[in-house]
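# Sequence and computational prediction follow.
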Amino acid sequence: MSYFHRHGDDVVLELPVSLADAALGAKIDVPTLRGKARVTIPPGTQSGENLRLRGQGLPSLENRQVGNLIVHVVVETPRKLTSEMRQLLEALKKAESAATQPQTRGLLEKIKTYFS
């Protein structure tokens, strides 16, 4: 599987991150065309969000500018849980509310409106 894709002068990197790193935030070293760079994953980052590292892409053939590295975040859901992980996720599930899940709340409100 290729983690890099070209999009014009930009290079797109598919970056798998853990559920914990996406929720809590993290600093992760990522490969670039010029070595490594550190990217900050802000707390609450959603799967599919893009982070931009300016000037880390390809040189333009039309001008002297350099494209960007677009870090496409892919949040990984654990497939196998230890008993401790299961307990922690169950506690998190109980603590979740509509305020902490705005997209879910918005979808449920739209569905209610549709059927009303």
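Okay, I see it.
# Could you say which helix or strand holds the residue positioned nearest the centre of the chain?
By Cα atoms, centre = their mean, the chain has its centre lying nearest to V73, at 2.7 Å. Element membership for V73, per DSSP states H and E: strand 69-76.
# List of residues touching the following helix or strand past that strand?
Sequence order places helix 83-95 as the next helix or strand after strand 69-76, per DSSP H and E. Contacts to helix 83-95, defined as Cβ atoms under 8 Å, 6 or more residues apart in numbering, come from residues P78, L81. Every C-beta, even on glycine, is put in place using the N, C-alpha and C of the backbone.
# tell me the mean pLDDT over helix 83-95?
Throughout helix 83-95, pLDDT has a mean value of 90.
# Stretch 4-22 too?
On average, stretch 4-22 scores 93.
# Ok, stretch 27-35 next?
92.
# Show me which residues of that stretch are buried.
Within stretch 27-35, the residues scored as buried using 16 or more other Cβ atoms under 10 Å are V30, T32.
# Tell me how far that stretch lies from the chain's centre.
15 Å (Cα atoms, centre = their mean, to the nearest Å).
# same thing with stretch 82-101?
20 Å.
# again with stretch 34-43
Using Cα atoms, centre = their mean, the offset of stretch 34-43 from its chain centre is 12 Å.
# Report the buried residues of that stretch.
V39, I41.
# Kindly report the same for stretch 59-68.
Buried residues in stretch 59-68 (16+ other Cβ under 10 Å): V66, G67, N68.
# which residues does the second one contact?
When contacts are counted by Cβ under 8 Å, 6+ apart, G67 is found next to G8, D9, D10, V11, Q56, G57, L58, P59, S60.
# ok, the residues you listed vs G48, which is closest?
Nearest to G48 among those: D10, at 16.6 Å, using Cβ to Cβ.
# What is the burial count for the closest one?
When neighbours are defined as other Cβ atoms under 10 Å, D10 has 18 of them.
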